[in-house]
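Trainee: Okay, here's the prediction I keep looking at, along with the sequence it came from:
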Amino acid sequence: MERRTMFCPLIFILIPLLLDYSSGLSDVIVSSLELSVHVGDSALMECVFQRTEEKRVIKVDWMFSSKEHAKEDYVLYYYSNLSVSVGRFRNRTLLVGDILHHDGSLLLQNVEEADQGTYTCEIRLEMESEVLKRSVVLHVLPEEPRELTVHVGDPTQMGCVFESTAEKRVTNVEWTFSSEGSAKEESVLRYNPNPNAPVGYPQTWGRFQNRVSLVGDPSHNGGSIMLQGVKESDRGNYTCRIYMGNKQFKKTIMLHVILKESQRLVTSGLPKSEILAGGQLVTIVGIICATILLLSVLILIMKRTHISMSSPTSTKNLENTKKAEEEKHVYSPIIPMVPEEEEPSGKSEAMYMTMHPVRPSLRSMPPEGKSAWGVPQTMQAF
């Protein structure tokens, strides 16, 4: 009974205290900003409060709500020097602000379409009931291409920026290059902001020297670069790293390099290692032309030789034919006359041939009684 009587006064004492604390939590400072980011890029959402009191930040909460869902989801919370990202935001959010100076800014990487909505930051200070609150409305735009195609000799710009509601956060920018199929990285450009100069001093190395320059203000939102006079050897992956203190934002762009139409006509069908120089090409064309000319002359000579060799043969055959016809008329075989009753004289049969000369003209007639060869006509050879 005594315990109940002691417990009742204690409740009446705690209730007013809790009501005072809850009424203190309602007294918040609210400000709202808007930010537009492409899918795949990063967004830096500022949450900074300028306070005259040197009070330590004991807790930071980042909450998210969309139009589709009124319920707020945790994005990240900070407590006892430890920050933890939650849910689908795990491994994509970083607390990049300086907690000692009441800065609880958030970096959201690899933005997705579902990330569109309102992000609310709440900061609680030590020994203070008031909650400092700030909201950022994030609009998500379609993704920009991560692959670029450019012709040889043309310039190209590669973007590496993050949208931010804060100013002057970048401490270092670095661009590296790795060719296709190679893990080795080659330095392209480095930028270290100089507090005494608004732009800083970008530095380039190697084969990219004097061909790469920064675009925009890298100390504010990153470091896009312009590459002049693109070469075939520039084909590969370009990685941008933006540092904000000990935090890092990273983006990779793949560059494809192709030949122009005029260059394709010259090099079509030939590997890169077999492309001929102008002098070699002229020499080969000259050899081909000379070979064709020599073949034409050789064919013409062979035709003329064949004609000249066939002409005497045909003439000789014609002469032999005429001579054979003349002899056919001059000589003719004579069949010997065999008498019916053969005299027993013992003489052997003999075949003889009479020659019938061509009838001479009257002027060349021989004297009477002689033949044309000086043989008496009455003489016959048996």
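Mentor: Cool, the structure landed.
Trainee: Pretty sure Ser66 sits against Gly117.
Mentor: Yes - here Ser66 reaches Gly117: they are 3.6 Å apart, a contact under Cβ atoms under 8 Å. All C-beta atoms are positioned from the backbone trio N, CA, C, and that covers glycine.
Trainee: And those two? Which one has more around it.
Mentor: Neighbours around Ser66 and Gly117, counted as other Cβ atoms under 10 Å, are more numerous at Gly117. The numbers are 19 against 15.
Trainee: and the more buried one, what are its bridge partners?
Mentor: Note on Gly117: beta-bridge partners by DSSP bridges are Leu138.
Trainee: Could I get the contacting residues of Val161?
Mentor: Residues near Val161 by Cβ atoms under 8 Å, 6 or more residues apart in numbering: Asp41, Gly216, Asn221, Gly222, Gly223, Ser224.
Trainee: Then Cys240?
Mentor: Met158, Cys160, Val173, Glu174, Trp175, Gly222, Gly223, Ile225, Lys250, Lys251, Thr252, Ile253.
Trainee: what secondary structure does the spatially closest residue to the second one that is not a sequence neighbour sit in?
Mentor: Of all residues beyond its chain neighbours, the one nearest Cys160 is Cys240 (3.3 Å), with distances taken as Cβ to Cβ, 6 or more residues apart in numbering. Put simply, Cys240 is strand when judged by DSSP: H, G, I helix; E, B strand; the rest coil.
Trainee: Now do the helices in the protein.
Mentor: For the chain, applying DSSP state H gives helices covering 2-25, 218-221, 261-267, 278-330.
Trainee: gap between the closest residue to Cys121 other than its chain neighbours and Ile99?
Mentor: Leaving out its chain neighbours, the residue that sits closest to Cys121 by Cβ to Cβ, 6+ apart is Cys47, at 3.5 Å. For Cys47, the distance to Ile99 equals 11 Å [Cβ to Cβ, to the nearest Å].
Trainee: between the two, which one's more packed in?
Mentor: Cys47 (27 against 16).
Trainee: For the more buried one, which residues are in contact?
Mentor: Cys47 touches Val60, Trp62, Gly97, Asp103, Gly104, Ser105, Leu106, Cys121, Ile123, Arg134, counting by Cβ under 8 Å, 6+ apart.
Trainee: switch the cut-off to 10 Å
Mentor: Contacts for Cys47 were tallied using Cβ atoms under 10 Å, 6 or more residues apart in numbering; they are 31, 33, 60, 62, 95, 97, 102-106, 119-123, 132-136, 165-166.
Trainee: same check, this time on Leu255
Mentor: Counted by Cβ under 10 Å, 6+ apart, Leu255 has contacts 147-150, 156, 158, 177, 180, 227, 230, 234-238.
Trainee: what's the answer for Ile58, then?
Mentor: Neighbours of Ile58 in contact, by Cβ under 10 Å, 6+ apart: Tyr78, Tyr79, Ser80, Ile99, Ile123, Arg124, Leu125, Glu126, Met127, Glu128.
Trainee: do that again at 7 Å, thanks
Mentor: Arg124, Leu125, Glu126 (Cβ atoms under 7 Å, 6 or more residues apart in numbering).
Trainee: which residues of the stretch 1-150 of the chain fall in strands?
Mentor: Applying DSSP state E, counting those that start in this stretch to the stretch 1-150 of the chain gives strands spanning 28-29, 32-38, 43-45, 57-65, 73-79, 82-85, 93-95, 106-108, 117-125, 131-141, 147-151.
Trainee: can I get these in TSV with mean pLDDT and distance to Asn246?
Mentor: Shown next, in TSV, are the strands of the stretch 1-150 of the chain (pLDDT from 0 to 100; distance: least, Cβ to Cβ, whole Å):
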stretch	mean pLDDT	distance to Asn246
strand 28-29	56	29
strand 32-38	86	23
strand 43-45	89	15
strand 57-65	93	17
strand 73-79	92	15
strand 82-85	90	13
strand 93-95	90	10
strand 106-108	91	12
strand 117-125	93	21
strand 131-141	91	23
strand 147-151	94	31
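Trainee: With distance to Ile284 as extra columns, can I get the ones you listed in CSV?
Mentor: Listed next are those as CSV, based on distance: least, Cβ to Cβ, whole Å:
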stretch, distance to Ile284
strand 28-29, 82
strand 32-38, 53
strand 43-45, 60
strand 57-65, 70
strand 73-79, 69
strand 82-85, 67
strand 93-95, 63
strand 106-108, 62
strand 117-125, 68
strand 131-141, 56
strand 147-151, 29
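Trainee: All good on my end, thank you.
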